[in-house]
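1. Here is the input, now give the coordinates:
(one chain, ligands or ions: 1)
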Amino acid sequence: MNKTTAIIIAIDGPAAAGKGTLARRLAAHLGYAYLDTGAIYRAVALKLLKQNIAADDIPAILAAARTLDPAELAADELRTDPVGNMASQIAAIPALRDALVNFQRTFAACPPEDRPGAVLDGRDIGTVICPKADKKLFVTASTEERARRRYRELTDKGEQVTEKEVLDDLEKRDARDQNRAVAALRPAEDAYLLDTTNLGIDEAFAAALDYIAAR
Ligand code: DC
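-> You can find the predicted model right below:
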């Protein structure tokens with residue numbers, strides 16, 4: 001098929017709103033490729049933590065981004081809280097965001113394995129990376145519910161955290177993601193808002209599919 005006609009589904013929203021689970025499931029259902037763009041920022045963050053590079057050492061951060069291998073995006077180590085925090089700090093650096101744009105746009109326009117479309121999730125997919133995406137969802141949930149979900153996820157993996165620590169951390173991360181000067185987290189004007197506070201995974205999936213089918 002002509003690759004320039006790939007269908008693009010953009011899914012944005014705050015941390016732990018359920019967008020990753022939803023995006024992965026939509027991609028599998030539709031036979032599309034899936035890109036977790038948060039994993040890109042996390043993979044750069046992990047390199048910095050491992051090499052003791054500070055969150056304000058821009059030349060070293062850009063060098064780490066340039067040597068990023070897509071195979072690194074699947075590492076389990078990316079999912080820890082220190083990595084998420086570092087990712088959220090470096091995500092405010094405009095030069096880093098610029099350096100990562102092409103990789104994301106190329107994935108969306110030419111999905112791997114000749115897939116007919118791509119689902120990308122992140123913070124700025126519908127607003128900056130793919131403003132002309134065919135479908136845009138903004139997935140959210142109350143801060144308390146997101147903290148509960150993140151707490152369960154972390155303790156299931158054996159991490160020693162309290163619910164209060166997770167809540168404080170999410171609030172800090174939300175503030176950074178929403179208040180940064182570039183590509184701040186906000187719904188695109190034409191995004192479908194999906195609040196998953198009171199929805200299970202199956203209900204959120206059904207609502208997202210309804211929206212995608214209806215447009
Ligand atoms: O979705 P996540 O928790 O894996 O993302 C980690 C951090 O990366 C998040 O705090 C903000 C940043 N991020 C971003 O700025 N833009 C994206 N498209 C994806 C993630």
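2. in this structure, which spans are helices?
-> 19-30, 37-50, 58-66, 81-90, 94-109, 143-156, 163-179, 201-214 (DSSP state H).
3. what distance separates the second one from the centre of its chain?
-> Yep, that's helix 37-50 we're talking about. 12 Å (Cα atoms, centre = their mean, to the nearest Å).
4. other SSEs contacting it?
-> Here helix 37-50 touches helix 58-66, helix 81-90, helix 94-109, strand 117-122, going by 3 or more Cβ pairs under 8 Å, 6 or more residues apart in numbering; DSSP states H and E. (C-beta placed from N, C-alpha, C; glycine too.)
5. The longest one vs helix 58-66, what angle?
-> On the basis of axes from the mean of the first three to the mean of the last three Cα atoms, to 10 degrees, helix 94-109 is oriented at 10 degrees to helix 58-66.
6. ok, which residues in this protein are in contact with the ligand?
-> By the rule Cβ under 6 Å from any ligand atom, the part of the chain lying against the ligand is 15, 37-38, 41-42, 84, 87-88, 91, 122-124, 173, 177.
7. just those residues now: which is nearest R115?
-> T37 (16.7 Å; Cβ to Cβ).
8. roughly how far apart are the closest one and I8?
-> Separation of T37 from I8 (Cβ to Cβ, to the nearest Å): 13 Å.
9. One more: T140?
-> To I8, T140 is 21 Å away according to Cβ to Cβ.
10. contacting residues around the most centrally placed residue in the chain?
-> Central residue of the chain (Cα atoms, centre = their mean): G122, 2.7 Å from the mean position. Neighbour list for G122: 11-12, 36-38, 104, 129 [criterion: Cβ atoms under 8 Å, 6 or more residues apart in numbering].
11. Run a quick neighbour tally on R97.
-> By other Cβ atoms under 10 Å, the residues close to R97 number 20.
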